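1. Okay, predicted coordinates and the sequence, questions at the end:
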Amino acid sequence: MQRLRILLLSAALGSAAALPAAASSSAWYNSEGGKVRLVTSGKPDDAGRIRGVLDIALKPGWKTYWRDPGDAGVPPQLDLSASTNIAEARLSFPAPQRHDDGYGKWAGYDYPVSLPLVVTLSAVKDPAMIDADIFLGICETICIPVQTRLTLDPASDPDNAEDAALVKAGFLALPAAAKPDFGVKILPGDHETLVVEASFPGDPEAADFFVAGERDYMFGAPARSEKDGKLIFTVPILDRPSATPTDGGLHYTLTSSAGAVEGILPFP
């Protein structure tokens, strides 16, 4: 499996050499397959939320993972617990692509990608420092773990137009919210499968369904079929919790030739 092929040697964690930090953004962290940094728009809104992106600049031929890479891989992880005046941080993800490297099928990106980030301040009027531990996998023929610490002061240059434009573009690239004519609904299945019916515009051959394993769920690659003119995705449940959670749900993304949407499914 891809996860087992990750290089764990410390030398593979990338170069510690960094470019000077831009305004309201961290320095770049360089690795063999690309580089990564944090960028913010600087100014919090009235609710104390600061928007930003985890900016991943991949070299040609390299890939990185979605929020759930499939049956193998390393999803991007961000820990802001060492930060000052930060109550919460949430990453979002553009629509992924399906990849098959010969060892397994997985979801991710084969182009430079910015993962939108919303950081919520503990106290709106107090200064904040973002101190983030970052961990992600980037892959060519093998996968290399990228682990680094990125720091920045969002208030260092809150009017920086370049930072604001990058953040805005990252959020505009997110899937739209699912709706009745573009989304999925769960069909009756069994304990070992998640079955959904997809509604979407465009070519059925271009449609794909991605579901993120959460709360101890693990999913395999979906199988496609047709029933009464509708596209059906049947997803193997590789692992599940001993008791079905009663709160929350599973993040999913549905892609088509006309765009992508995302939503939450109840736990099967």
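-> All right, it came through fine.

2. residues touching the closest residue to residue 139 other than its chain neighbours, list them.
-> Excluding its sequence neighbours, the residue lying closest to residue 139 (C-beta to C-beta, 6 or more residues apart in numbering) is residue 63, at 4.8 Å. (C-beta placed from N, C-alpha, C; glycine too.) By C-beta atoms under 8 Å, 6 or more residues apart in numbering, the contact list for residue 63 reads 99, 108-110, 138-140.

3. Looking at those residues, spot the one nearest residue 51.
-> Of all the contacts of residue 63, residue 109 has the smallest distance to residue 51: 20.2 Å, by C-beta to C-beta.

4. Tell me, what's the model's pLDDT at the closest one?
-> Listed pLDDT for residue 109 reads 96.

5. ok, residue 110 touching residue 99?
-> Yes: look at residue 110 against residue 99 with C-beta atoms under 8 Å: they come within range, at 7.2 Å.

6. higher neighbour count, the two?
-> Neighbour count, other C-beta atoms under 10 Å: between residue 110 and residue 99, residue 99 has more, with 20 against 15.

7. Check what pLDDT that one gets.
-> The model reports residue 99 with a pLDDT of 86.

8. Likewise for residue 1?
-> Here the pLDDT value assigned to residue 1 is 37.

9. do the same with the one 5 residues further on
-> Confidence at residue 6, expressed as pLDDT, is 36.

10. residue farthest from the centroid of this structure?
-> residue 228 (33.3 Å; C-alpha atoms, centre = their mean).

11. which residues touch that residue?
-> So residue 228 contacts nothing (C-beta under 8 Å, 6+ apart).

12. Now it. Its backbone dihedrals?
-> Residue 228 adopts backbone torsions of phi 50, psi 40, taken as degrees, to the nearest 10.

13. before we move on, what about residue 264?
-> Dihedral angles (degrees, to the nearest 10) for residue 264: phi -120, psi 130.

14. distance of it from residue 177?
-> For residue 264, the distance to residue 177 (C-beta to C-beta, to the nearest Å) stands at 10 Å.

15. Which residue, neighbours along the chain excluded, lies closest to residue 201?
-> Per C-beta to C-beta, 6+ apart, closest to residue 201 is residue 258, 4.2 Å.

16. number of nearby residues for that neighbour?
-> Neighbours of residue 258 (other C-beta under 10 Å): 13.

17. Now for it: which residues touch it?
-> 182, 200-202.

18. Make a PyMOL selection of whichever of those residues turn out to be buried.
-> Per 16 or more other C-beta atoms under 10 Å, the buried members of the contacts of residue 258 correspond to this PyMOL selection:
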select buried, resi 182+200
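
19. In a markdown table, list the contacts of residue 258 along with secondary structure.
-> A markdown table is the format used below for these (DSSP: H, G, I helix; E, B strand; the rest coil):
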| residue | secondary structure |
| --- | --- |
| 182 | strand |
| 200 | coil |
| 201 | coil |
| 202 | coil |
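
20. Show me the shaky parts of the stretch 51-200 of the chain.
-> In the prediction, the stretch 51-200 of the chain carries residues with pLDDT under 70 at positions 70-72.

21. could you redo the last one with a cut-off of 80?
-> Applying pLDDT under 80 to the stretch 51-200 of the chain flags the ranges 69-73, 100-105.

22. can you give me the helices in it?
-> Assigned by DSSP state H, counting those that start in this stretch, the stretch 51-200 of the chain shows helices spanning 161-172.
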